[in-house]
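Q: Here's a sequence, model it:
(one chain, ligands or ions: 2)
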Amino acid sequence: MTRLEYTINGEAVSVEVEPRTSLADMLRERLNLTGTHLGCEQGVCGACTIFLDGMPARSCITSALPCAGAEIKTIEAFDDDPLMGQLRGAFNANHALQCGFCTPGMLITARDIAIRLDDPTEERIRIELAGNLCRCTGYMGIVRAIQAVVATRSGSDLLDASKLALGPAGAGHEVAKVVPTTPRKPSGPPAPAMAALIPQPRSRPRPKPSVHQSFVVAFPRAKVWEQFGDVPSMVRCIPGASLISAEPNGTYQIKMRIKVGPITAEFAGIAEQQRDDAEMVGVISGSGRDSRSASLADGELTYRLVSEAEASTRIEIDVGYVLSGALGQFARGGIVNHFISAITRQFAENLGLLLEAKPGAEAPPQLTSELHVLGSLMHAIRAWLTALLRKNRP
Ligand code: FES
Ligand code: FES
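A: Ligands and ions are numbered 1, 2, ... in the order given. A predicted model of the protein is given here:
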């Protein structure tokens, strides 16, 4: 037996252990700190996660002996911790636990995420949680709970208070640094409320083109190209879309509202455009989030202008998208493809109206601003629901 000294949950502790004892066994069996759970005991499930010198660590595969002198915090240390209190409330509110076995380790990791990362995307939170397994919840509630705390954390003094209580491993318990997950644009970040909603463009892999559309407008190529360069009026042409702001760094904050029967989604996001004047090819890419369903959409639209006879222009459009979260299921069964077809049709009509408008006309052209759900889309939804019900029938 060897006698070792630690600071555990703020108190100096002296404990005798066998040289091969793990931290988890020492905490549970010698000190009765059973909030640290043991699942796999081989470093996979994360149930035994504790803070070791301010860093989350798996206590089941960490030997107690070399940690002598370390500062250890188990879940029991956080009864009165304001940030952990917020996380516990958010876990309850978002149904982020069922049996609760994973919850102590999950909360330790969640607190680390909430302290260390500045505005993490849903994808980043999921990556950070990859070492904590839950066999009950399906993770959506856990991710939502962390997002809820991160969103309300801005502007409060919780973050500062929490930073003082912890420090990165090996750094003598210094104040932890908040690490931005994406580089800040030099012109400054969007307003905090918006920043919590909006994933940054290019934070995920580029969506592959999956829908091709083309239509012809009776206007010369140069005029159509000029019109496509006017982003605010192009956004007006997209049914359901509205421009929130044009940022000095060349990006745009955009909202897109979609309603089909009882389903309503409003994606808020950032878009940017790149144009090749010589080839008359442009690429618009963007990411958006629907906060109600916690769904994310990544999209990339490539448009190419081709001269047709008699001063008309054919517009070729390729759209790629990735839809994840609760609305991700609508990416199946071709439903999103029907959406894109419906949007493109109305976009083409609106574009024609805009091109026809006289420059400096007193009244702006009346464009269709709501997405009209066409019969083919309803047909696709019905077919998809029928197939789904058939598949799930016992
Ligand atoms: Fe430690 Fe599973 S019990 S990782
Ligand atoms: Fe049961 Fe996570 S709530 S394992």
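Q: low-confidence ranges in the stretch 251-394 of the chain?
A: 260-263, 293-294, 323-336, 358-365, 367-394 (pLDDT under 70).
Q: hey, where'd the strands end up in it?
A: 251-260, 263-276, 281-290, 295-308, 312-324 (DSSP state E, counting those that start in this stretch).
Q: What number of residues are in the vicinity of V44?
A: 13 (other C-beta atoms under 10 Å). All C-beta spots, glycine's among them, are computed from the backbone N, C-alpha and C.
Q: separation between it and M26?
A: 20 Å (C-beta to C-beta, to the nearest Å).
Q: Likewise for M256?
A: Counting by C-beta to C-beta, the gap from M256 to M26 is 54 Å.
Q: what's the nearest residue to A68 if we skip its chain neighbours?
A: Distances taken as C-beta to C-beta, 6 or more residues apart in numbering place L4 nearest to A68, at 4.3 Å, with adjacent residues excluded.
Q: Check D25 too.
A: A64 (7.7 Å).
Q: surely the one you found meets S22?
A: Yes: the criterion here is C-beta atoms under 8 Å, and A64 meets it with S22 at 6.4 Å.
Q: Is the residue nearest to A68 bridged to anything, and to what?
A: V15 (DSSP bridges).
Q: And stretch 99-119, how far out from the chain middle?
A: Remark: stretch 99-119 is offset 17 Å from the chain centroid, using C-alpha atoms, centre = their mean, to the nearest Å.
Q: Check whether it comes near ligand 1.
A: No: for stretch 99-119, no contact with ligand 1 is found by C-beta under 6 Å from any ligand atom; the gap never falls below 7.6 Å.
Q: isn't G54 right next to I72, touching?
A: No: the pair G54 / I72 is not scored as a contact, 10.1 Å apart, by C-beta under 8 Å.
Q: intersection of neighbour lists for those two?
A: Common neighbours of G54 and I72, using C-beta atoms under 8 Å, 6 or more residues apart in numbering, do not exist here.
Q: Can you classify A151 as helix, strand or coil?
A: helix (DSSP: H, G, I helix; E, B strand; the rest coil).
Q: Quick one: classify the closest residue to I317 other than its chain neighbours as helix, strand or coil.
A: Spatial nearest neighbour of I317, chain neighbours left out: Q213 (4.6 Å); criterion: C-beta to C-beta, 6+ apart. Here Q213 is recorded as strand under three-state DSSP.
Q: So what's the residue count around Q213?
A: Applying other C-beta under 10 Å, I find that Q213 has 19 neighbouring residues.
Q: So it sits against V319, correct?
A: Yes: here Q213 reaches V319: they are 7.4 Å apart, a contact under C-beta under 8 Å.
Q: Now the common contact residues for the two.
A: With C-beta under 8 Å, 6+ apart as the test, Q213 and V319 both reach I340.
Q: Any idea how far apart the tips of stretch 212-226 sit?
A: End-to-end distance for stretch 212-226: 22 Å, by C-alpha to C-alpha, to the nearest Å.
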